[in-house]
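Enquirer: kindly generate the corresponding structure for this input.
(2 chains)
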Number of protein chains: 2
Amino acid sequence: MLAPHAFTSRAAKMAHGVIAYSADTVVAVVDPDLAGRCVRDVLPYLRSDAPIVSSLEAALHLAPTSVLVGIAPAGGSLPDDFRAAIRAALLARLEIVSGLHTMLNDDAEFAALAREHDTRIWDLRLPPAAPLFSGAAWDVKAKIVLTVGSDAAVGKMTAALELVRAARERGADAAFVPTGQIGIAIAGWGTAIDRVVADFAPGAAEQLVLEGERRARELLFLEGQGGINNPAFAPVTLALLYGGAPDALVLVHNVARTAIEDYDVPILSYRALIRTYEGLCATVKPAPVVGIALNTRDCDDGEAQAQIARARAETGLPCDDVVRNGPHALYDAIAPALVKTAVLHV
Amino acid sequence: MLAPHAFTSRAAKMAHGVIAYSADTVVAVVDPDLAGRCVRDVLPYLRSDAPIVSSLEAALHLAPTSVLVGIAPAGGSLPDDFRAAIRAALLARLEIVSGLHTMLNDDAEFAALAREHDTRIWDLRLPPAAPLFSGAAWDVKAKIVLTVGSDAAVGKMTAALELVRAARERGADAAFVPTGQIGIAIAGWGTAIDRVVADFAPGAAEQLVLEGERRARELLFLEGQGGINNPAFAPVTLALLYGGAPDALVLVHNVARTAIEDYDVPILSYRALIRTYEGLCATVKPAPVVGIALNTRDCDDGEAQAQIARARAETGLPCDDVVRNGPHALYDAIAPALVKTAVLHV
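Expert: So this is what the prediction gives:
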């Protein structure tokens, strides 16, 4: 997993997400700044003992089969210091997995190396051809729950993954529906909606929930993207809000965030977020916010519980941190709101 | 101008827009169903005496220099009955202008014919590489007025073009900022925002207003797209609402429209539309709706004036049909709301 000079930064959320949730084993992280330590030493919440090494070459004795480009920066192009490591990985016949906007298969040198060394480059963000939104998503029988956020990178994917786990442990036939490169790396399918041509982004979201229903009969947790007042990413948010045809929304917020990432735009209050998301859904297919998943990673335990209590008091909705406290309490609290048809037995 | 079996359909809005507003002369329209008549006979509001002919060959004696693919259907691919005409046009060394999602330059036969016959294919919808939204649009000094609609294809481009004309006639340094293939065909520059990768659509809109400011110092009328509750096109609408950084909005509605085109979704009331658009803008950069441009094309004169009066009464805003009644009255009514800085003298 490549994250040179970046493993503890927010740009490395690809690395963090795959370590936390992928079924694959992460044998090592490449970041010379942290070499000699292990993942748990620097990011305890990831609960991984994978070693951090100084270079790709230093990880080869651990017999990796593929190399993940562990960053997903805004804009998504390839930092120069990744090139040497990718070159070395291709020479070692490893597969490359990338979620960048820049398609590594379009890089003449990388493409030639992959061919010569009989290996593959997986550009997870390359979307399939998508049709226009058709309305077929409105007929999906499974209940669709979309995670919507106060901003990008606050924990929408994590909330969806944790709630799917709780739903399955409670006996529901539930699936995670991936809509971004990290979710795709974790689940092994999906479409990066932010990479789809704007006219077809809702259609691509619709295709995902149609595929989701083939994978789970009762409950789909659709990974949200962006935030409704993020000036760069809100169109992707809206593509999921309409194209994904949710029946219910779970609001996700990182309590440490007060402004939209990279912009001088304030984060909205819980009530304004709920009003905005529900108001937009109501114009096409109504979907209530049924619960709040708070990300309190940067809080101590007392502060975390106070933030959860405050969100509950301000909104009257079930609220929890599904990582800190586990997803079952929140899932159990929102499940009754999801039971609207005889299909779902929880 | 090619519109076989389609010239009077809504899909031919590309043809209609260019006939109404382009500085280029339209020498003929190809539609065998209407051959022998002229444009004014079948669509009086376009006020054009261009003949309608049965085939491209029948128009060659009129010495065209280019051929416009006159349709812009939802989804934007090339109907089969256009292929023969495009082939004939390339053989006659005419340039081809297309606003389809399907890129004609990617068609091996067309590309080869264009090369062999030393002519060009202009795919107007092919967007330039766009950066992420940066916030630079917030610093544009010219006042940015975005036309927002109750749906796609209700008259947002027309309203923007007419209001630019009125602004110029009143002495303002004003420009039309094109955001779709028809506007690009008319104005000769711009980007089809609906064709941009979703993550970069607000950035592409921002680049357009930055370019607009180089073209006019005081007032930019930014062409809106889609509609905020159109399930397929709303992400493009939002990309312009945030990325275009408007200072004011003009709401556009076709009074004959009661449901979103192609979907079983009701058109919102004027007040709900205003609340939704203003509400979203307020979360990033506030912009009030300052006026309403009604499209009353399908009404008789009495009904049109009644609809205009009703919209005024329901909203308390200036309202007019800028085609039926000309744009000056509406422009004069909204101009005071646009004068917020000493830059604008109207």
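Enquirer: domains in chain A, as residue ranges please.
Expert: A:10-123, A:136-338 (automatic domain parsing).
Enquirer: ok and the residue in the stretch 1-150 of chain A nearest chain B?
Expert: As assessed by Cβ to the nearest Cβ, chain B sits closest to A:F133 within the stretch 1-150 of chain A, at 4.1 Å. Any C-beta I mention is one placed from the backbone N, CA and C, and that applies to glycine too.
Enquirer: so for that residue, what's the pLDDT?
Expert: As predicted, A:F133 sits at a pLDDT of 98.
Enquirer: next, give phi and psi for it.
Expert: Backbone torsions of A:F133, given as degrees, to the nearest 10, read phi -60, psi 130.
Enquirer: picking that back up, any chance of the domains of chain A in JSON lines, with mean pLDDT and distance to chain B too?
Expert: Below are the domains of chain A laid out as JSON lines (pLDDT from 0 to 100; distance: least, Cβ to the nearest Cβ, whole Å):
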{"stretch": "domain A:10-123", "mean pLDDT": "93", "distance to chain B": "5"}
{"stretch": "domain A:136-338", "mean pLDDT": "97", "distance to chain B": "4"}
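Enquirer: closest one to B:W138 among those?
Expert: domain A:136-338 (8.6 Å; Cβ to Cβ).
Enquirer: tell me the centre residue of chain A?
Expert: Note on chain A: the residue nearest the mean C-alpha position is A:M157, at 3.4 Å, using Cα atoms, centre = their mean.
Enquirer: all helices for the stretch 51-200 of chain A, in order.
Expert: A:83-91, A:108-116, A:156-169, A:181-187 (DSSP state H, counting those that start in this stretch).
Enquirer: so who does the residue nearest to the centre of chain A touch?
Expert: A:17, A:147, A:178, A:180, A:182-183, A:223 (Cβ atoms under 8 Å, 6 or more residues apart in numbering or on different chains).
Enquirer: go again with 6 Å.
Expert: By Cβ atoms under 6 Å, 6 or more residues apart in numbering or on different chains, A:M157 lies in contact with A:183, A:223.
Enquirer: A:S66 reaches A:E95, doesn't it?
Expert: Yes - A:S66 is in contact with A:E95 according to Cβ atoms under 6 Å; the separation is 3.9 Å.
Enquirer: shared neighbours of these two, anything?
Expert: Joint contacts of A:S66 and A:E95 (Cβ under 6 Å, 6+ apart) do not exist.
Enquirer: can you pull the buried residues of stretch A:27-46?
Expert: A:27-31, A:34, A:39, A:43, A:46 (16 or more other Cβ atoms under 10 Å in any protein chain shown).
Enquirer: again, but for stretch A:255-262
Expert: A:255, A:257, A:260-262.
Enquirer: reformat those as CSV; add secondary structure.
Expert: Formatted as CSV, those follow (DSSP: H, G, I helix; E, B strand; the rest coil):
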residue, secondary structure
A:V255, coil
A:R257, coil
A:I260, coil
A:E261, coil
A:D262, coil
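Enquirer: between those residues, which is nearest B:T276?
Expert: For the buried residues of stretch A:255-262, the nearest to B:T276 is A:I260 (20.0 Å; Cβ to Cβ).
Enquirer: strands of the stretch 151-300 of chain A, start to end?
Expert: For the stretch 151-300 of chain A, applying DSSP state E, counting those that start in this stretch gives strands covering A:174-177, A:219-222, A:248-254, A:289-295.
Enquirer: closest to A:R275 out of those?
Expert: Judging these by Cβ to Cβ, what sits closest to A:R275 is strand A:289-295, at 9.4 Å.
Enquirer: excluding its own residues, what touches the closest one? List them.
Expert: By Cβ under 6 Å, 6+ apart, the list of residues contacting strand A:289-295 reads A:154-155, A:159, A:248-255, A:274, A:307-308, A:311, A:317-319, A:321-322, A:330, A:334, A:337.
Enquirer: swap in stretch A:175-188?
Expert: With Cβ under 6 Å, 6+ apart, stretch A:175-188 has contacts from A:14, A:17-18, A:21-22, A:72, A:99, A:124-125, A:157, A:160-161, A:164, A:190, A:192-193, A:208, A:212, A:215-216, A:220-223, A:225.
Enquirer: try 7 Å this time
Expert: A:13-14, A:17-18, A:21-22, A:68, A:72, A:97, A:99, A:124-125, A:157, A:160-161, A:164, A:189-194, A:205, A:208-209, A:212, A:215-216, A:220-223, A:225, A:240 (Cβ atoms under 7 Å, 6 or more residues apart in numbering or on different chains).
Enquirer: to the chain's geometric centre, what's the distance from it?
Expert: 7 Å (Cα atoms, centre = their mean, to the nearest Å).
Enquirer: identify each buried residue in that stretch, please.
Expert: Neighbour-count burial for stretch A:175-188 [16+ other Cβ under 10 Å]: A:175-187.
Enquirer: same deal with stretch A:267-286?
Expert: A:267-268, A:270, A:272-274, A:276-278, A:280-281, A:283-285.
Enquirer: could you export stretch A:164-172 as PDB, CA atoms only?
Expert: Extracted C-alpha coordinates of stretch A:164-172, given in PDB (Å, rounded to 0.1, in the frame of the first residue of the first chain):
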ATOM      1  CA  VAL A 164     -24.600  -3.200   6.700                       C
ATOM      2  CA  ARG A 165     -22.600  -5.300   9.200                       C
ATOM      3  CA  ALA A 166     -25.200  -4.600  12.000                       C
ATOM      4  CA  ALA A 167     -28.100  -5.400   9.600                       C
ATOM      5  CA  ARG A 168     -26.500  -8.700   8.600                       C
ATOM      6  CA  GLU A 169     -25.800  -9.600  12.200                       C
ATOM      7  CA  ARG A 170     -29.500  -8.900  12.900                       C
ATOM      8  CA  GLY A 171     -30.500 -11.300  10.200                       C
ATOM      9  CA  ALA A 172     -31.400  -8.900   7.400                       C
END
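Enquirer: show me where the stretch 201-346 of chain A has helices.
Expert: A:201-215, A:234-243, A:270-282, A:301-315, A:328-338.
Enquirer: check chain A for me, the residue farthest from its geometric middle.
Expert: A:E116 (33.4 Å).
Enquirer: give me the contact list for stretch A:41-48.
Expert: A:7-8, A:16, A:19-20, A:26, A:34, A:39-40, A:297, A:323.
Enquirer: among the residues you listed, name the buried ones.
Expert: A:7, A:16, A:19-20, A:26, A:34, A:39, A:297, A:323.
Enquirer: tell me the two of these that are most distant?
Expert: Applying Cβ to Cβ across the buried ones among the contacts of stretch A:41-48, the maximum distance is between A:L34 and A:V323, 22.3 Å.
Enquirer: ok, so what distance separates A:G183 from B:E278?
Expert: 34 Å (Cβ to Cβ, to the nearest Å).
Enquirer: CA-only coordinates of stretch A:83-96 in CSV, if you can.
Expert: The C-alpha coordinates for stretch A:83-96 follow below in CSV (Å, rounded to 0.1, in the frame of the first residue of the first chain):
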residue,chain,number,x,y,z
ARG,A,83,5.8,7.0,-10.0
ALA,A,84,9.0,5.2,-9.0
ALA,A,85,7.2,2.9,-6.6
ILE,A,86,4.6,2.0,-9.3
ARG,A,87,7.4,1.3,-11.8
ALA,A,88,9.1,-1.0,-9.3
ALA,A,89,5.8,-2.8,-8.5
LEU,A,90,5.1,-3.4,-12.2
LEU,A,91,8.7,-4.7,-12.6
ALA,A,92,8.0,-7.1,-9.8
ARG,A,93,4.8,-8.3,-11.6
LEU,A,94,2.5,-6.9,-9.0
GLU,A,95,-1.0,-5.7,-9.9
ILE,A,96,-1.7,-2.0,-9.4
